[in-house]
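Chemist: would you be able to build a 3D model of this:
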Amino acid sequence: MRWATTCAASVASAPAHAAPLNVGFVYVSPIGEAGWTTQHDIARKEMEKNLGAKITTRVVENVPEGADAERVIRDLAQQGSKLIFTTSFGYMNPTLKVAKQFPDVKFVHLTGYKTAANVASANARFYESRYLAGVLSGKMSKTGVAGYVGAFPIPEVLQGINAFTRGFRSVNPKAEVKVVWVNSWFDPGKERDAALTLIGQGADVVTHHTDSTAVVQAAEEKGKYALGYHSDMQKFGPHAQIAAVTHHWGKYYTRQAQDVLDGKWKTSATWGGIKDGFVKLEGFGPAVPNDVKQFVLAKQKEIVAGTLTPFDGPVTDNEGKLRLATGRINDDGLNKMNYFVAGVAGKLPKN
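Modeler: Residues are numbered from 1 along each chain as shown. The predicted structure follows:
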């Protein structure tokens, strides 16, 4: 893991009576050029730009979930960070444990669901843009088979797979999505192998819920289509990428830090979607016809307006069980999602 301390402007330029707020960040993978951690670091820099000499930031990247995360979070608190962002699902319990020991420090955990007096949580409705990516894939796929590389079968990942599948099937009712699990957030070798396996099984569109660019690069190499995730990955697959589901945390981070500076910070649970600017579908590739792009963007307007959600009933799982007859799945149902929808091949791992 690697430590880095940065400052948006010279600390000496701040008023003598106003010490800058030190903000700590814990990243699960290397910062890199694209991916989950890259987007958080872009947001950190946006926060620095917005708040200037009022803050300093300290980063620790490539921190495994578990005991290492707890140690790093505690070190940041001990070294003076008064606001700490912990940016991986598996950091949730370590964050809560350290927060009890440092009640004067504010913590923001992404992307869990637990909060405490000095712990807020935040997440993005990635599944909204995943649905749109599925619609686009349905328009672009010739085989009717898409491949999905997944990290772990947790609700957040299942929301994405299922939303993508429902979008795919809204265009092609017979379409199928195949999934390969790599049991890691960041392992380019495994991600590449999984993508090649899916392509070998007939997928002509691939996507991923992992942190590297390996899936997009594999699609580029094999002449298939890909959906980037976290970041716009077009530079890694100039012909392969047909669009990217991207994440944007800068405004949220700035607001959290400003609230601490103003003495207004309160624990909260935030879950923002396309309408809130947390997620986007962007980076449309040159292979996408304009009429297809406009069709997808029209669906996006429906999601923003609230007239369409990726999980409007009826929702049936891939074993034929009716999960929702009418209406739409609520947030509690989304956060407990533990099944594949119709159209996803295979079964979930038992553990």
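Chemist: okay, now the unreliable bits of the chain?
Modeler: For the chain, the stretches flagged by pLDDT under 70 are 1-17, 351.
Chemist: per-domain residue ranges of it.
Modeler: Split into domains by automatic domain parsing, the chain comes to 2-124, 126-247+278-335.
Chemist: residue 257 is nearest to which of these?
Modeler: Closest of the domains of the chain to residue 257 is domain 2-124, at 5.8 Å (criterion: CB to CB). Every residue, glycine included, has its C-beta placed from N, CA and C.
Chemist: now do the helices in the stretch 101-250 of the chain.
Modeler: Remark: helices assigned in the stretch 101-250 of the chain by DSSP state H, counting those that start in this stretch are 126-140, 155-171, 188-200, 214-222, 250-261.
Chemist: tell me what angle the shortest one forms with helix 188-200.
Modeler: Which is helix 214-222. Interaxial angle of helix 214-222 relative to helix 188-200 (axes from the mean of the first three to the mean of the last three CA atoms, to 10 degrees): 50 degrees.
Chemist: over to the first one?
Modeler: When the same axes, to 10 degrees is applied, the directions of helix 126-140 and helix 188-200 differ by 40 degrees.
Chemist: using PDB, write out every CA atom in helix 126-140.
Modeler: Output of helix 126-140 as PDB, limited to C-alpha atoms (Å, rounded to 0.1, in the frame of the first residue of the first chain):
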ATOM      1  CA  PHE A 126     -25.200   2.300 -10.500                       C
ATOM      2  CA  TYR A 127     -28.000   0.000 -11.600                       C
ATOM      3  CA  GLU A 128     -29.800   2.900 -13.300                       C
ATOM      4  CA  SER A 129     -27.100   3.300 -15.900                       C
ATOM      5  CA  ARG A 130     -26.500  -0.400 -16.000                       C
ATOM      6  CA  TYR A 131     -30.100  -0.800 -17.300                       C
ATOM      7  CA  LEU A 132     -29.300   1.700 -20.000                       C
ATOM      8  CA  ALA A 133     -26.100  -0.100 -20.800                       C
ATOM      9  CA  GLY A 134     -28.200  -3.200 -21.200                       C
ATOM     10  CA  VAL A 135     -30.600  -1.500 -23.600                       C
ATOM     11  CA  LEU A 136     -27.600  -0.300 -25.700                       C
ATOM     12  CA  SER A 137     -26.100  -3.800 -25.700                       C
ATOM     13  CA  GLY A 138     -29.400  -5.300 -26.800                       C
ATOM     14  CA  LYS A 139     -29.400  -2.900 -29.800                       C
ATOM     15  CA  MET A 140     -25.700  -3.700 -30.600                       C
END
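Chemist: for that helix, packing partners?
Modeler: Contact here means 3 or more CB pairs under 8 Å, 6 or more residues apart in numbering; DSSP states H and E; on that basis helix 126-140 packs against helix 155-171, strand 205-209, strand 225-230, strand 241-247, strand 279-282, helix 290-305.
Chemist: residue 316 is nearest to which of the ones you listed?
Modeler: The nearest among these, by CB to CB, is helix 155-171 at 10.3 Å.
Chemist: flag every buried residue along the closest one.
Modeler: 155-171 (16 or more other CB atoms under 10 Å).
Chemist: hmm, back to that, how about the helices and strands packed on helix 126-140 in JSON lines, adding distance to residue 53?
Modeler: Listed next are the helices and strands packed on helix 126-140 as JSON lines, based on distance: least, CB to CB, whole Å:
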{"stretch": "helix 155-171", "distance to residue 53": "36"}
{"stretch": "strand 205-209", "distance to residue 53": "38"}
{"stretch": "strand 225-230", "distance to residue 53": "30"}
{"stretch": "strand 241-247", "distance to residue 53": "27"}
{"stretch": "strand 279-282", "distance to residue 53": "30"}
{"stretch": "helix 290-305", "distance to residue 53": "37"}
